[in-house]
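**Q** With the sequence up front, the predicted model follows.
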Amino acid sequence: MTPAMPRASRDYRLLLLGQTTSQLGTQVSAVAVPLLAVLVLHASAWQLGVVNAAGTIAFLVIGLPVGAWTDRWRRRRILIASDLSRAVLLATIPLAAALDALSITQLVVVSLLVGAARVFFDVGYQSYLPDLLGPDRVLGGNAAMETIRSTGQVAGPGLGGWLVGLAGAANVVAVQAGTFLVSAGSLLGIRHREAPPERHPGPATLRHQIAEGLQFVRGNHVLHGLVLTSALGNVAFAIASSVVMIFMARDLGLSPTLIGLIIGGGSPAALAGAALTPRLARVLGSARVVWLPLAVTAPLAILGALARPGWTSWLVLLGTAAAEFGQIVYAITSVSLRQRLCPPRLLGRVNATTRYLIMGLFPAGALLGGALGQLIGARVTLLASFLLVSASVIPARHALRGARRVEDLPAWEPAT
C-alpha cells in the first residue's frame with residue numbers, strides 16, 4: 001500500500017458520506033416536490049410536466065459548455081459551489097410556503113436552476129473521481145456510488161411519502177436542502193490536493209474546447225461505440241416509459257399498488273448489480289464486463305412484453321429486474337472505462353459530450369413511444385423498445401471485440 005492510499009480512502013469516504021445524504025435527499029424530494037405542486041398549489045398535469053421538464057432541460061442547453069468550463073477550473077470547487085447553490089435554491093421553497101407566497105412559477109425557476117447546478121455537479125464529479133482515487137480504482141469508486149444511488153431509489157420514495165404525511169411537503173424540501181449542505185461540508189473536508197487544470201498551446205476559445213471534446217469522442221472508436229450503445233438504450237427506455245404504465249394498468253389490469261411494487265422491484269436488482277460489478281469485472285475481465293452482462297440480461301426484458309392478465313403479469317417484474325441489473329453494470333463499467341481512456345485535461349468535456357449526446361435523445365424517444373403507443377398499441381411498442389435494448393449492445397461489443405481487459409485495448413491515436 002502506498003502512503004497516499006490512506007488519505008485517498010479517507011477523502012473518498014468523505015465524498016461517499018456527502019453523496020449518501022444528498023442522494024437520499026434527492027430521492028425523497030422526488031416525491032415531495034410533485035406532491036407539493038399537486039396538493040398545495042393544485043397544479044394541473046401540464047404544469048407538473050413543466051416542473052419536471054425544467055429539472056432536466058439544462059443538460060441540453062448548457063451540457064457542452066459545462067464540460068469546457070470543468071476542464072478550466074478546479075473540480076472540487078465546482079462540486080462545492082453546485083451543492084451550496086442547490087441548498088440555497090431549495091431553501092427558498094419552504095420559506096415561500098411559510099410566507100404563503102409559493103407559486104408554480106417559483107417551482108419551475110428553482111427546478112431549472114437546480115437542474116443547471118446538477119449538470120455542473122454530474123460532469124464535475126465524473127471528472128474529479130479519477131484525480132481523487134487514481135485511474136485504476138475508478139471502477140470500485142463508481143460501483144460504490146451506484147450502490148448508494150440504488151439504495152436511495154429503494155428507500156427514498158417510501159420515506160419521502162411518509163415524511164410528507166408527517167411534516168408536509170415544503171418541510172421535506174427543506175430536508176433536501178440540508179443534505180446538500182452536508183455534501184458541501186464533506187467536500188470541504190477532503191485533504192487531497194487537486195492537480196491544477198492542464199494548459200496546452202493553441203486557441204482557448206469555448207467553441208474550440210467544445211469541438212475538441214466532440215472530436216475526441218468521435219475519433220476514439222471505443223468511446224464512440226459506448227456512446228452509441230448508451231444512446232440507443234436511453235431511447236429504448238424513453239419509448240418504454242411512455243407506454244409501460246398504460247400497459248400495466250389497462251392491458252394487464254393491475255392495481256396501483258401492484259404497479260408500484262413492480263416498478264420498485266427493479267431497484268433491488270440495480271442495487272445487486274452495483275454491488276457485484278467489481279466481482280464481475282474480475283471474473284469476466286474489465287473490458288468484457290462492459291457489454292457481456294447487458295447482452296445476457298437485455299433479451300430477458302422482452303418477457304415483460306409477453307405478460308398477460310393473471311399470474312403471468314409478474315413477467316413484467318422479472319423483465320424489469322433483469323434490465324435494471326444489466327443496465328447498472330453497463331453504466332458503472334462504461335463510465336469507468338471512459339475515465340481511464342480519456343486524458344485528464346479533456347475529461348470534463350468528454351463526460352459532458354457523452355451526457356449531452358445520450359440525454360439529448362430522451363425527449364425524442366418519449367415522443368416516439370407515445371406515437372407508437374397510439375398507432376400499434378402499448379404491448380407492441382414495449383416489445384419494440386426491448387428489442388432495441390438488445391440491439392443496443394452491438395456497438396459496444398464491436399468496439400471492445402477481442403479485448404478481455406482494458407489493458408488489451410490498443411492505444412488511442414488522434415483522428416486525422
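**A** Sure, I can see it.

**Q** rest of the way, CA atoms for contacts and neighbours
**A** Noted.

**Q** Could you count how many residues lie near Val311?
**A** Heads up, residue 311 is Trp, not Val. Neighbour count of Trp311, defined by other C-alpha atoms under 10 Å: 8.

**Q** got a pLDDT number for it?
**A** At Trp311, the predicted lDDT confidence score is 81.

**Q** and it, how far is that from Leu252?
**A** Distance, Trp311 to Leu252, using C-alpha to C-alpha, to the nearest Å: 10 Å.

**Q** tell me what the helix or strand where Val123 lies is packed against?
**A** When secondary structure is defined by DSSP states H and E, Val123 falls within helix 104-133. Counting contacts by 3 or more C-alpha pairs under 8 Å, 6 or more residues apart in numbering; DSSP states H and E, helix 104-133 packs against helix 4-35, helix 45-54, helix 58-72, helix 75-98, helix 138-167, helix 315-341, helix 347-359.

**Q** For Val406, find the nearest of those.
**A** Nearest of those to Val406, taken as C-alpha to C-alpha: helix 315-341 at 7.5 Å.

**Q** report the angle between the axes of the closest one and helix 104-133?
**A** Orientation of helix 315-341 against helix 104-133 (axes from the mean of the first three to the mean of the last three C-alpha atoms, to 10 degrees) gives an angle of 50 degrees.

**Q** Show me the helices in the stretch 151-300 of the chain, by range?
**A** Using DSSP state H, counting those that start in this stretch, the helices of the stretch 151-300 of the chain run over 169-188, 206-219, 221-246, 256-264, 266-284, 288-297.

**Q** For Gly63, which of those is the nearest?
**A** Distances from Gly63 to each of these were compared by C-alpha to C-alpha, and the smallest falls on helix 206-219, at 10.1 Å.

**Q** quick check: mean pLDDT across the closest one?
**A** For helix 206-219, mean pLDDT rounds to 78.

**Q** likewise stretch 347-355?
**A** Stretch 347-355 comes out with an average pLDDT of 79.

**Q** ok, now stretch 234-246?
**A** Mean predicted lDDT for stretch 234-246 stands at 81.

**Q** Export only the CA atoms of it, formatted as PDB.
**A** Extracted in PDB, the C-alpha atoms of stretch 234-246 (Å, rounded to 0.1, in the frame of the first residue of the first chain):
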ATOM      1  CA  ASN A 234     -31.700   5.600 -23.500                       C
ATOM      2  CA  VAL A 235     -34.000   5.900 -26.500                       C
ATOM      3  CA  ALA A 236     -35.400   2.400 -25.800                       C
ATOM      4  CA  PHE A 237     -36.100   3.400 -22.100                       C
ATOM      5  CA  ALA A 238     -37.800   6.600 -23.200                       C
ATOM      6  CA  ILE A 239     -40.000   4.700 -25.600                       C
ATOM      7  CA  ALA A 240     -41.000   2.200 -22.900                       C
ATOM      8  CA  SER A 241     -41.600   4.900 -20.300                       C
ATOM      9  CA  SER A 242     -44.400   6.400 -22.500                       C
ATOM     10  CA  VAL A 243     -46.400   3.200 -22.500                       C
ATOM     11  CA  VAL A 244     -45.400   1.000 -19.600                       C
ATOM     12  CA  MET A 245     -48.000   2.500 -17.200                       C
ATOM     13  CA  ILE A 246     -50.700   2.100 -19.800                       C
END
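
**Q** Report the distance from it to the chain centre.
**A** Stretch 234-246 has its C-alpha centroid displaced from the chain centroid by 16 Å (C-alpha atoms, centre = their mean, to the nearest Å).

**Q** So which residues make contact with it?
**A** Counting by C-alpha atoms under 8 Å, 6 or more residues apart in numbering, stretch 234-246 makes contact with 259, 358-359, 361-370, 373, 378, 381-382, 385-386, 388-389, all of which sit outside it.

**Q** try stretch 285-305
**A** Residues outside stretch 285-305 that contact it (C-alpha under 8 Å, 6+ apart): 280-281, 313-320, 322-323, 325-327, 329-330, 333-334, 337, 379-380, 382-383, 386-387, 389-390, 393, 396-397, 400, 403-406.

**Q** Try it again at 7 Å.
**A** Contacting residues not belonging to stretch 285-305 are listed as 280-281, 315-316, 319-320, 322-323, 326-327, 330, 333-334, 379, 382-383, 386, 389-390, 393, 396-397, 400, 403-406 [C-alpha atoms under 7 Å, 6 or more residues apart in numbering].

**Q** quick one on the thing from earlier: would you reformat the helices of the stretch 151-300 of the chain as a markdown table and include distance to Pro344 and mean neighbour count?
**A** Formatted as a markdown table, the entries for these read as follows, by distance: least, C-alpha to C-alpha, whole Å; neighbours: other C-alpha atoms under 10 Å:
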| stretch | distance to Pro344 | mean neighbour count |
| --- | --- | --- |
| helix 169-188 | 20 | 23 |
| helix 206-219 | 12 | 18 |
| helix 221-246 | 15 | 23 |
| helix 256-264 | 37 | 15 |
| helix 266-284 | 23 | 20 |
| helix 288-297 | 22 | 22 |
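
**Q** could these be laid out in a markdown table, adding distance to Thr21?
**A** What follows is the helices of the stretch 151-300 of the chain, written out as a markdown table (distance: least, C-alpha to C-alpha, whole Å):
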| stretch | distance to Thr21 |
| --- | --- |
| helix 169-188 | 5 |
| helix 206-219 | 32 |
| helix 221-246 | 27 |
| helix 256-264 | 21 |
| helix 266-284 | 17 |
| helix 288-297 | 29 |
